[in-house]
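S.K.: Quick check, what structure comes out for this input:
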Amino acid sequence: MDVEDVTICPASLAQTSPPDFESESCRSAGAEDIDPQGRLIWVRTRVDLDRTRGLNGEPLALFISGKMASEVYLNGVYVGANGRPGTDADSEIPGKMDAQLYPPQALFQRGENEIAFRASAYHGFIELYRPVHVIGIAPAGFYGDRLLPSLGPALVTLGLFLLGGLYFGVTALIGSSPTRAATLSAICFFAGGQLVSESLRGLIAYDYPTHDLRLMAIALFSLAFGLSVAFHVFLTFRRRHAERWVGAIAIVALGGLILVEGFDYKALVGMTIPLIGAVLATGYWTYKGQARAFIYFIGLMIFLVAIALFRGFFLDTIFFLLVAVFLLLLFLEQAMILDEESRQRRSEEARANRLEQALAEAEERSETSHINVTSAGKMERVATSQIVHCRGASGYTEIVLVGGRVLLYSASLNEMEETLPATFLRVHRSHLINVMFVNALKRDPSGTGTLILQGDVTVPVSRRVMPKVRKALIPG
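M.R.: Model (predicted):
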């Protein structure tokens, strides 16, 4: 259509043909001024054709795309309706958001063709800035055919999102990190929901009020995706208070959704604000030397740069490709985490087996071994039989002796574990205890436990080593 040559006139249901568009009640406008929301109007525009058939001889069709019900005339002849315009919601029948009419081919003429339509839009609950999208003439099926090449990749990407959502969902139920896995599952399903919402218009011919729901779904899925990614990032690098940080980001993002006009921009803002928060956080953690933070920082920056460069069609194509790559990297990361957990589990099982051996040997041990501890500038020879337990402290070890005295030893807990005799057992990543000073064992409902040592000192027991500890300390 000629976007600069549009005439808009008031309309009534009594009219049976287009009005005189030259009357004083009509006004000249641009395409962006066509707005039938809450009113009944006549619109006239023109389309210039250099042929009356498609390049391959296809018949021509007239395309109407917008939030409205309409009755359409081509070169003064009525050619069809999309719904039924009215003067209120009761008299109007909503039209399809995208409609294709097939006028008699003899009506099309080389050169200028006049399209006139009466339109109204009284249904729905969102007022769009540009409710009318396309008025034009093209070969029949043209707009539908344009969607087919992107349908295949969209289905493949959707399959990946669903697979990822199910995989991480099952991992949340049976894995050792349920919150992290549930967050990853949410990321997958929110991305899949957004893909379905984006693709719905090309797959289903829906009435225009459904378009409001679709736009809201796109904006909400975008917001939910961005917040889920931010929560995953904070959960990975700053577990404490992750909910508070993401909650603050969510408040800012919701404010952006409310203030920004146009649902395309709302969707981008809802996604971008949480990603900016995650980028700032990972940038800070990278500066502080946190392992893997730089990888996340680069990945999130790629997202933001893509949004800036491809803003017009980022949510249509680029977003889903980036998320697909992101999910593949998450699968790889999850495999590495599971492998590390498996190694830790085997290590803890070996430590639990050592406990049984240590308890059996403790009664037979008659000689007391010693270690040399340098503390406060002097070296002290300490009998291992006087050590109650050891605590890891940032590369050092705090040695707690009988009576409560504490020595700081310049060796890691791993090194201490190798040095001390078999009466010592690693029950937690930060605690090494002397089984000779165990008074009691308490088991928590979560599967973890607590050892009570001499002097009412409490030491946590990790969940994986807990069964072996309980079996060794409480026979039968």
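S.K.: Next, the buried residues of stretch 29-39.
M.R.: 29, 31, 34-37 (16 or more other CB atoms under 10 Å). C-beta coordinates here come from the backbone N, C-alpha and C atoms, glycine included.
S.K.: actually stretch 269-284, sorry about that
M.R.: For stretch 269-284, by 16+ other CB under 10 Å, it's 269-279, 281-283.
S.K.: From these, which land in strands?
M.R.: Among the buried residues of stretch 269-284, none falls in strands (DSSP state E).
S.K.: Now the two most distant members of these.
M.R.: Using CB to CB, the two most remote members of the buried residues of stretch 269-284 are G270 and G283, lying 21.6 Å apart.
S.K.: Low-confidence bits of the stretch 301-450 of the chain, can you list those?
M.R.: 311-318, 334, 337-339, 341, 349-368, 375-376 (pLDDT under 70).
S.K.: All the strands of it, residue numbers only.
M.R.: For the stretch 301-450 of the chain, the strands defined by DSSP state E, counting those that start in this stretch cover 370-375, 378-383, 387-393, 396-401, 406-409, 424-428, 431-434, 438-443, 449-453.
S.K.: Distance from the chain centre to the last one, please.
M.R.: How far strand 449-453 lies from its chain's middle: 41 Å, per CA atoms, centre = their mean, to the nearest Å.
S.K.: Could you pull out the buried residues of that strand?
M.R.: Residues of strand 449-453 classed as buried under the neighbour-count rule (16+ other CB under 10 Å) are 449, 451, 453.
S.K.: now the helices: where do they sit in the stretch 51-200 of the chain?
M.R.: Here the stretch 51-200 of the chain has its helices, by DSSP state H, counting those that start in this stretch, at 142-174, 178-203.
S.K.: Any chance of JSON lines for those, columns mean neighbour count?
M.R.: Listed next are the helices of the stretch 51-200 of the chain as JSON lines, based on neighbours: other CB atoms under 10 Å:
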{"stretch": "helix 142-174", "mean neighbour count": "15"}
{"stretch": "helix 178-203", "mean neighbour count": "20"}
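S.K.: Mean pLDDT lowest where, among these?
M.R.: The minimum mean pLDDT among those belongs to helix 142-174 (a mean of 72).
S.K.: follow-up on the earlier one: and of the helices of the stretch 51-200 of the chain, who's closest to K96?
M.R.: Comparing the helices of the stretch 51-200 of the chain against K96 with CB to CB, the closest turns out to be helix 178-203 (10.5 Å).
S.K.: from the middle of its chain, how far away would the helix or strand following the closest one be?
M.R.: The C-terminal neighbour of helix 178-203 among helices and strands, as given by DSSP states H and E, is helix 208-237. Remark: helix 208-237 is offset 7 Å from the chain centroid, using CA atoms, centre = their mean.
S.K.: Could you pull up the mean pLDDT of helix 208-237?
M.R.: The average pLDDT within helix 208-237 is 91.
S.K.: Check which helices and strands that helix is in contact with.
M.R.: Applying 3 or more CB pairs under 8 Å, 6 or more residues apart in numbering; DSSP states H and E, one finds that helix 208-237 makes contact with helix 178-203, helix 242-259, helix 263-287, helix 293-309.
S.K.: now these in a markdown table, with distance to T419?
M.R.: A markdown table is the format used below for the helices and strands packed on helix 208-237 (distance: least, CB to CB, whole Å):
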| stretch | distance to T419 |
| --- | --- |
| helix 178-203 | 35 |
| helix 242-259 | 37 |
| helix 263-287 | 34 |
| helix 293-309 | 34 |
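S.K.: one step back: could you tell me which of the buried residues of stretch 29-39 belong to strands?
M.R.: Among these, the members found in strands (DSSP E) are A29.
S.K.: out of the buried residues of stretch 29-39, who's nearest V43?
M.R.: The closest of these, once distances to V43 are taken by CB to CB, is I34, at 5.6 Å.
S.K.: so L322 makes contact with V305?
M.R.: No - L322 is beyond contact range of V305, at 10.4 Å (criterion: CB atoms under 8 Å).
S.K.: More neighbours: those two, which one.
M.R.: Neighbours per residue (other CB atoms under 10 Å) separate L322 from V305, with L322 holding more: 17 against 10.
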